[in-house]
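> A structural model of the following input is requested.
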Amino acid sequence: MGKTEHGNDDRIWAHAIVEMAPDAIIGVDGRQLIVSANPAAAEIFGYAQGELVGQSVDILIPDDIRAQHAAMFERFMASDLRVLAGGKSMPVRAQRKSGDVFQAEATLSKVPLPNGETGVTIMLRDVTERVRANEALRRSEERFRDFADTASDWLWEMDENLRFIYLSDGVKLTVGGSVAAGGIIGKTRRELAGEDTDDEKWRKHMALLDEHKPFREFDYTYVTHTGESVHVSISGKPVFDADGNFKGYRGAGRDVTDVVRYQKKIAVSEERLRMILESSPVPLVMSGGADGRVLFANSAWRAAIEVESDDLEGLKIGTLFADAGDQAALDRILSESRHVQGHLVRFRRLRSGDVFFASLNVTRMDFNGEEVLITGILDITERIVAEQALRKSESELRRHRDRLEELVHDRTLELENKNSQLEIALESEKRYSALQQEFVSLVSHEFRTPLTIIDSSAQRLLRQKAELDAETLKDRVGKIRSAVSRMTILIEKTLYASRLDAGNVTMEPEWFDLTSMARRVVDRQQEVCEQHHIRMAVAPGAGEIFGDPGLLEQVLVNLLSNAVKYSPQADHVDVSLGICSATDASNPLKTDAYVMRVRDFGCGIPDDERPQMFQRFFRASTSKGIPGTGIGLNVVRTLVSLHQGEIGFSSKPEEGTEFVVHIPRDFSVFH
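Numbers count the residues shown, from 1 in each chain. Reported below is the predicted structural model:
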């Protein structure tokens, strides 16, 4: 019982192991039918649990090898072998339910079946990922070997004793011949260095190796077995195992012979360029980098900028511009062109701080793999100063020329004006002379007429004195007095005009009643003017005025006598006196004023003669046959102007003329 129970326990444990196994475990009978399959088998091949049982094992074999597999299975079953291939895993190809073929490893062993027949247990492991990893590793190693064998650089490895144990084929291109022939593999670093290890550079390098430290670009010269010197540059990194033990170095090397030769050529070329630049009398400077640092400057440039050779390090071109705008403008031009010629800037000398004008010739070029600027500087301060002086002189000359032209123009205008004035004066003089002649004739006539009346009346008195009665005598004497009065008025007007011209009329302003003065003048005129009725109108509020009563009376007398004289056919003339406020639109004085209006109903004044009405001695063409001198209106305008007033008139042919006088109520406001 115990043994049986123990046997059952073994089967239970065996079943559990099969069920939990990560690999596929499949039982197959002699007819190659699947009799059992653990969960891992169903999962690996993509079937549901239990779906494989009863199926032919061929469904797990790719089509192209099924026949081969069947033959192998039959041979194994017919043999005395209990396990195939000594129990070792065999690489096989298997097929999933989806049809995908994958790589696997399998072992086959014979087992007794419950029915007494012999079957086969297949244990299969999916090695797809391992195969892929191995393939990737293989390709990587192959790629690495290809790179190592074909690269211009070579790879090397040393062991913990600093003995070379590996060199890629690229080293053959440098040292020549085979590696074995060169005798590198198996030799230490010191052995290959030879006597050079006494050199300071080698001592430092060997010290780094002894200290197991990484190094980069250690340059040295290697002499090949053919005697050729090769310049080599190597870099290395120490290798340690998991426990931190030093295991050697791995690194890379490259042939820098061409670089060294090129650098030597560059050095020679650079030195030649420096000599050319240094010997140039033109100040030249080479600058590079984004910051415009000075790389080289010849003696002429150093003298111009006032800087010593020792002070060039760290000096930047931008610090020399006196105006940042000059540098910005130059940068913009250089961004579009590789060459700039004659660019004007202002530079500052470093020692004295003096600013000078410079003409720059700049070329942008590549030098030793770096973009640089070669700048030639020409001090043109004297030229600029001379040009500025010339421009100033030209400006002065232009100014003097313009002033001279202006003076000539002004003088010409002045002469033209004077000539025009002379012509006007001459014309006026001619007119004035004609007026004077007319005036003289008129005055002669005006004087002769009353004198004739006086003489005639006096002779009659003498002849008829005994026969004349009182009434006749009175009439004769009246005529004489009228003629004398007429002469007196004529003389007074002439003398008054002369006094005005000579400035001998003195104003004696005072406050007086303008209305009363006007009534007196009207009454006197009415006494001597029986054939006309003088109508007078006074506006409410008219009263006192500040002015010269005698002069203003003369104004009204002249205007009123003219109105009567030039209205021979009318039976009346009008006189009005009113007031005008400062805000009245018709008031030209813009201050409170009195307005005197005198209107006749005569023949009027022709339009073309109106501008001359206030000229002395001028008489309108419509005044022919009417006594007068042409002085009265000129006197009136002068007297009105003395009171800061204005006089004007309006006239219509055959309807008459109205003169309007504006006199400020207090003309002293204008003084």
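> what about residue 99, distance to residue 60?
12 Å (Cβ to Cβ, to the nearest Å). Quick note: C-beta positions are derived from backbone N, CA and C, even for glycine.
> those two: who's more crowded?
Neighbour count, other Cβ atoms under 10 Å: between residue 99 and residue 60, residue 60 has more, with 27 against 9.
> I'd guessed that one sits against residue 94; true?
Yes. Taking Cβ atoms under 8 Å as the definition, residue 60 is a contact partner of residue 94 at 5.6 Å.
> pull up the overlap in contacts between these two.
residue 45 (Cβ atoms under 8 Å, 6 or more residues apart in numbering).
> number of nearby residues for residue 117?
Neighbour tally, residue 117, other Cβ under 10 Å: 10.
> try residue 420
11.
> what is the three-state secondary structure of it?
The local conformation at residue 420, judged by DSSP: H, G, I helix; E, B strand; the rest coil, is helix.
> what's near enough to touch it?
Remark: with contacts taken as Cβ under 8 Å, 6+ apart, residue 420 is in contact with nothing.
> could you report the distance from it to residue 568?
42 Å.
> cool, residue 344 as well?
93 Å.
> same check on residue 604?
To residue 568, residue 604 is 13 Å away according to Cβ to Cβ.
> okay, now the closest residue to residue 66 other than its chain neighbours: neighbour count?
Among residues not flanking residue 66 along the chain, residue 58 sits closest, at 5.2 Å (Cβ to Cβ, 6 or more residues apart in numbering). Look at residue 58: counted by other Cβ under 10 Å, it has 16 neighbours.
> what does residue 589 give?
19.
> so it: helix, strand or coil?
Classified using three-state DSSP, residue 589 is coil.
> need the helices for the stretch 401-550 of the chain, in chain order.
In the stretch 401-550 of the chain, the helices defined using DSSP state H, counting those that start in this stretch lie at 470-502, 514-528, 549-565.
> same check, this time on the stretch 1-150 of the chain
Going by DSSP H, counting those that start in this stretch, the stretch 1-150 of the chain shows helices at 2-20, 39-45, 66-78, 128-150.
> swap in the stretch 551-671 of the chain?
632-642.
> can you list the low-confidence ranges for it?
Under the criterion pLDDT under 70, the flagged ranges of the stretch 551-671 of the chain are 625, 669-671.
> which is the next helix or strand following the least confident helix or strand in the chain by mean pLDDT?
Least confident helix or strand, the chain: helix 179-182 with a mean of 42, by mean pLDDT, DSSP states H and E. Once the chain leaves helix 179-182, the next helix or strand it forms, by DSSP states H and E, is helix 189-193.
> just the CA trace of that following helix, in CSV.
This file holds the C-alpha atoms of helix 189-193, laid out as CSV (Å, rounded to 0.1, in the frame of the first residue of the first chain):
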residue,chain,number,x,y,z
ARG,A,189,54.6,49.8,-25.2
ARG,A,190,58.0,50.5,-23.8
GLU,A,191,59.7,48.0,-26.1
LEU,A,192,58.1,49.8,-29.1
ALA,A,193,59.0,53.2,-27.8
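> buried stuff in that helix?
Neighbour counts over helix 189-193 (16 or more other Cβ atoms under 10 Å) mark 189, 192-193 as buried.
> again with stretch 216-236
Going by 16+ other Cβ under 10 Å, stretch 216-236 has these buried residues: 218, 220, 222, 230-234, 236.
> then stretch 15-23?
18, 23.
> what does stretch 381-397 give?
residue 384.
> stretch 59-66 too?
So stretch 59-66, judged by 16+ other Cβ under 10 Å, has buried residues 60-62, 66.
> residue 407: which of those is nearest?
Of all the buried residues of stretch 59-66, residue 407 sits closest to residue 62, with 120.4 Å by Cβ to Cβ.
> pretty sure residue 184 is one of the things residue 154 touches, is it not?
No. Using Cβ under 8 Å, residue 154 is not in contact with residue 184, being 10.6 Å away.
> joint contacts of these two?
167, 171.
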